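J.: my questions concern the predicted model and sequence given below.
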Amino acid sequence: MLILASASATRKALLAKAGLRFATHVANVYERALESEALAAGGDARDVALLLARHKAAAVSAHHPADVVIGADQTLSLGPELLHKPGSRAEAIAQLDHLRGKTHRLHAAVTLVRDGVLLWSDMQTAELTMREFSAAERDQVLELEGNDILGSVGSYRLEGPSIRLFETVTGDYFTILGLPLLPLLAALRDIAPELLEPQD
Ligand SMILES: Nc1nc2c(ncn2[C@H]2C[C@H](O)[C@@H](COP(=O)(O)OP(=O)(O)OP(=O)(O)O)O2)c(=O)[nH]1
């Protein structure tokens, strides 16, 4: 059985649209503590994403040792700053204004763990530049996006009306949505091809 160790509706949708059959178990890891630990050890936003993706998969694998568990995490870096998912619409407004007219990076890490053993991992980065949008444009996008953007690390959803806020986007689409799907599918073909077969 394939398990996704993530509460992300976006990740679930990406795997489902790829035709994968999987269970979802939310990993119980204290993300902020792990993040502080990685940063204190001199790590950067990419290291944080990889560490969290590994911990999430390992936490679920401990309860499902026979299954292949997918762990994933995405961090957003704006220069040396690490930004997080907005807790409210007000925080989303502040975050978008903070990203406005600047270039930020999204780092998406993905891991495969079975019986507590890390079988494979990958980390991809995308670079996104936001326009100098007006407050009216920002509010129009927030109105159209609704509360879904609260679950998104950058307070936007590239596949939605948020695209109006962008100048340029460089990198893999799936990486931006939070799951490097192409390397993940290649790894599954290599490690557990039976999990890609349609299941009766
Ligand atoms: N639909 C969509 N989601 C995005 C976009 N950019 C980022 N995200 C989402 C994907 C992830 O759900 C979230 C990144 O936060 P995390 O990696 O911490 O995952 P999350 O807390 O959602 O779930 P998890 O910690 O894995 O249980 O942001 C986007 O452009 N579109």
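T.: Arrived safely.
J.: residues from the protein in reach of the ligand?
T.: The chain comes close to the ligand at residues 6-8, 10, 26, 56, 72-74, 85, 151-154, 156-159, 176-178, as judged by C-beta under 6 Å from any ligand atom. C-betas here are computed from N, CA, C, even on glycine.
J.: show me the contacts for the residue minimising distance to the centre of the chain.
T.: Nearest to the geometric centre of the chain sits residue 178, at 2.7 Å (C-alpha atoms, centre = their mean). By C-beta atoms under 8 Å, 6 or more residues apart in numbering, the contact list for residue 178 reads 8, 10-11, 72, 74, 106, 108, 153.
J.: which members of the residues you listed occur in helices, if any?
T.: 10-11 (DSSP state H).
J.: returning to what we had before: quick check on the residue nearest to the centre of the chain: phi, psi?
T.: Backbone torsions for residue 178, taken as degrees, to the nearest 10, come to phi 110, psi 10.
J.: if we can go back for a sec, now, which of the contacts of residue 178 sits nearest residue 135?
T.: residue 153 (21.9 Å; C-beta to C-beta).
J.: per-residue pLDDT of the closest one, please?
T.: Here the pLDDT value assigned to residue 153 is 96.
J.: for the closest residue in space to it that isn't next to it in sequence, list each beta-bridge partner.
T.: Spatial nearest neighbour of residue 153, excluding adjacent residues (C-beta to C-beta, 6 or more residues apart in numbering): residue 76 at 4.7 Å. Using DSSP bridges, the bridge partners assigned to residue 76 are residue 83, residue 106.
J.: show me the strands in the protein, by range?
T.: For the chain, applying DSSP state E gives strands covering 2-4, 23-24, 68-78, 81-83, 103-114, 117-130, 166-170.
J.: residue 136 is nearest to which of those strands?
T.: The closest of the strands of the chain to residue 136 is strand 117-130. By C-beta to C-beta, the value is 15.4 Å.
J.: what is the closest one packed up against?
T.: helix 45-61, strand 103-114, strand 166-170, helix 173-177, helix 181-191 (3 or more C-beta pairs under 8 Å, 6 or more residues apart in numbering; DSSP states H and E).
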